[in-house]
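Peer 1: Got a sequence here, can you model it:
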Amino acid sequence: MDRTAQQGDTVRVEYTGRFENGEIFDTSLGGSPLEFKLGGEQVIPGFEKAVLGMHKGDKKTVTIIPEDGYGEHYDTLVLVMPRENFPGDITPEIGMQLHLVDENEHAMPVMVTEVTDDTITLDANHPLAGVPLVFEIELLEIVGGLIITPA
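Peer 2: Got it, this is the predicted structure:
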């Protein structure tokens, strides 16, 4: 029975994610297909919306706006700290991933985005926040889910 992917279904897809300039930032090709449950909040909302309604074997290319991807980039999540406040046992490098730990021991992932002689800039935004993303998606299989049939 040929049916479309619906909320609650577990699906298996192949995908390639690109920036608008065509540069690939992620792909399942050459590895394992991505398996996730529609409605399970396991992938970004725009990716899930794109798969909903697809049939097995369907292919599509979609552009996902930041609101349906990793969100907007917020300047309030960028911290410029004096270099003397940075731990001496860590040599900061651009692209380095670290965790800021608050007084309640909650850890927030951050990335070093700038290093100067006097300051270090840390960004707690997702690296893909604020960026439109282009995905090529192929629905390989609807693995499981509810099937409604006439009585």
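Peer 1: where along this protein do the strands fall?
Peer 2: Secondary structure of the chain by DSSP state E: the strands cover 10-18, 24-27, 34-37, 59-64, 78-82, 97-101, 107-115, 119-123, 133-144.
Peer 1: JSON lines for those strands, including mean pLDDT, distance to A50 and mean neighbour count?
Peer 2: Quick note: C-beta positions are derived from backbone N, CA and C, even for glycine. JSON lines is the format used below for the strands of the chain (pLDDT from 0 to 100; distance: least, CB to CB, whole Å; neighbours: other CB atoms under 10 Å):
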{"stretch": "strand 10-18", "mean pLDDT": "97", "distance to A50": "9", "mean neighbour count": "19"}
{"stretch": "strand 24-27", "mean pLDDT": "96", "distance to A50": "15", "mean neighbour count": "13"}
{"stretch": "strand 34-37", "mean pLDDT": "96", "distance to A50": "12", "mean neighbour count": "17"}
{"stretch": "strand 59-64", "mean pLDDT": "98", "distance to A50": "4", "mean neighbour count": "14"}
{"stretch": "strand 78-82", "mean pLDDT": "95", "distance to A50": "30", "mean neighbour count": "13"}
{"stretch": "strand 97-101", "mean pLDDT": "91", "distance to A50": "28", "mean neighbour count": "12"}
{"stretch": "strand 107-115", "mean pLDDT": "94", "distance to A50": "26", "mean neighbour count": "15"}
{"stretch": "strand 119-123", "mean pLDDT": "96", "distance to A50": "28", "mean neighbour count": "19"}
{"stretch": "strand 133-144", "mean pLDDT": "94", "distance to A50": "6", "mean neighbour count": "18"}
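Peer 1: Tell me the bridge partners for T121.
Peer 2: With DSSP bridges as the criterion, T121 is bridged to V80, E114.
Peer 1: can you count the residues close to the nearest residue to V112 once chain neighbours are set aside?
Peer 2: Excluding the flanking residues, the one nearest V112 by CB to CB, 6 or more residues apart in numbering is M96, at 4.4 Å. Residues within reach of M96, counting by other CB atoms under 10 Å, total 15.
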